[in-house]
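1. Starting from these lines, generate the structure:
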Amino acid sequence: MQEKNKTVIKSMNLLNLFRTYPTLTLQEMVKQSGMPKTSVHRMINSLEEMGFLQKRHDGAYELGVVFLELGQLVSDRLDLRQVAFPIMEALRNQVEEAVHLTVRDGDEAIYIEKLDTLHPVRLFTKVGRRAPLYAGACQRVILSFLPEQEQTAYLERVELIPLADGTITDKLLLKERISETQQTGVAISHSELENNTTAIAAPIYDHSGTIVAGISIAGPDIRVTEERLSTLKVTLKNAAKSISKQLGWLAT
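-> All right, here's what the predicted structure looks like:
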């Protein structure tokens, strides 16, 4: 293995300080990095010249716009399905139930990826299927973690139409389920889109901490029982966190 370039490593250590501090003076960078002032000054000049740092009018430094440009390139080129698929496949193989990935489209969520259970009894879901945000775990987990203003506006305008025996049609009950999801980090549904089914879903976040998708485990309620849900909850949340991290999310 080739020896790492020490100058590059030290420069990255300087830049990493800006993960915690929005602005830093030369003296603050020296103190936080523990490097000699002459070395820090030299690196700052180079980083500023390349656009990685920019000097403010008060003499402090902040990250340069090149990071915004590079970040947008990464975001544009990152395919959620491509990132999620291997993690979804591992999850399906572990729990042996169907795994779904949904994203928001207006007042609905659309299934953009699905891995079927290996059991002969399966759910009726397919890529491209739509469902309202209020019905089903994978949809409601997205609703639960929307910005408060968007969530409130949705709840005011939506009409809760029954789709299966367990569909929530009372707005007070829906608000209770949303609150539970926010507290536990998962949404659970029973026969909300299809009778005799149970699903559990967790949120997926992007680099900005914004929810971008929901991932769920779903199956017939004779297999996805209350006894299994506690174990599935941990497994699912770990999978959702893995996908989120690959999208740039920094878990708090």
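
2. tell me the SS of residue 217?
-> Under DSSP: H, G, I helix; E, B strand; the rest coil, residue 217 falls in the strand class.

3. ok now do the residue lying closest to residue 140 once chain neighbours are set aside, which residues does it touch?
-> Nearest non-adjacent residue to residue 140, counting by CB to CB, 6 or more residues apart in numbering: residue 187, 4.5 Å away. No exception for glycine: its C-beta is placed from N, CA and C like everyone else's. Residue 187 is in contact with 137-138, 140-141, 144, 177, 181, 200-202, 214, counting by CB atoms under 8 Å, 6 or more residues apart in numbering.

4. Any regions of the protein where pLDDT drops low?
-> Within the chain, the stretches with pLDDT under 70 are 1-4, 71-78, 119-124, 252.

5. what residue of it is the furthest out?
-> Going by CA atoms, centre = their mean, the residue of the chain most distant from its centre is residue 38, 41.2 Å out.

6. quick revisit: next step: the contacts of residue 187 restricted to strands.
-> Counting by DSSP state E, the part of the contacts of residue 187 found in strands is 200-202, 214.

7. ok, which pair from the residues you listed is furthest apart?
-> 200 and 214 (10.6 Å; CB to CB).

8. joint contacts of those two?
-> Contacts common to residue 200 and residue 214, judged by CB under 8 Å, 6+ apart, are 137, 187.

9. helices and strands around the longest helix seen in the chain, which ones?
-> Determined from DSSP state H, the single longest helix within the chain is helix 226-246. Packing partners of helix 226-246 (3 or more CB pairs under 8 Å, 6 or more residues apart in numbering; DSSP states H and E): helix 80-95, strand 197-205, strand 211-220.

10. would you turn those into TSV with distance to residue 227 and mean neighbour count?
-> Compiled in TSV, the helices and strands packed on helix 226-246 are given as follows (distance: least, CB to CB, whole Å; neighbours: other CB atoms under 10 Å):
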stretch	distance to residue 227	mean neighbour count
helix 80-95	14	17
strand 197-205	11	26
strand 211-220	14	25
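
11. Out of these, which gets nearest to residue 58?
-> strand 197-205 (33.4 Å).

12. Could you list every helix and strand in contact with the closest one?
-> So strand 197-205, by 3+ CB pairs under 8 Å, 6+ apart, packs with helix 137-144, strand 187-190, strand 211-220, helix 226-246.

13. got the angle between it and helix 137-144?
-> Calculated by axes from the mean of the first three to the mean of the last three CA atoms, to 10 degrees, strand 197-205 forms an angle of 40 degrees with helix 137-144.

14. Kindly format the C-alpha coordinates of strand 197-205 as PDB.
-> C-alpha atoms of strand 197-205 as PDB (Å, rounded to 0.1, in the frame of the first residue of the first chain):
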ATOM      1  CA  THR A 197     -51.200  -8.000   6.200                       C
ATOM      2  CA  THR A 198     -48.800  -6.300   8.500                       C
ATOM      3  CA  ALA A 199     -46.000  -3.900   7.600                       C
ATOM      4  CA  ILE A 200     -43.300  -2.000   9.500                       C
ATOM      5  CA  ALA A 201     -41.400   0.900   8.000                       C
ATOM      6  CA  ALA A 202     -38.500   3.200   8.800                       C
ATOM      7  CA  PRO A 203     -37.400   6.600   7.300                       C
ATOM      8  CA  ILE A 204     -34.500   7.100   5.000                       C
ATOM      9  CA  TYR A 205     -32.800  10.500   5.100                       C
END
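
15. quick one: strands adjacent to that strand?
-> Its sheet considered, strand 197-205 pairs with strand 187-190 (antiparallel), strand 211-220 (antiparallel) by DSSP bridges.

16. Pick out the residue nearest the middle of the chain.
-> residue 205 (1.7 Å).

17. what pairs with that one across the strands?
-> residue 211.

18. show me the contacts for it.
-> Contacts of residue 205 (CB under 8 Å, 6+ apart): 211-212, 244, 247, 249.

19. ok, which pair from those residues is furthest apart?
-> Across these (CB to CB), the longest gap, 10.9 Å, separates 211 and 247.

20. Appreciated, that's everything.
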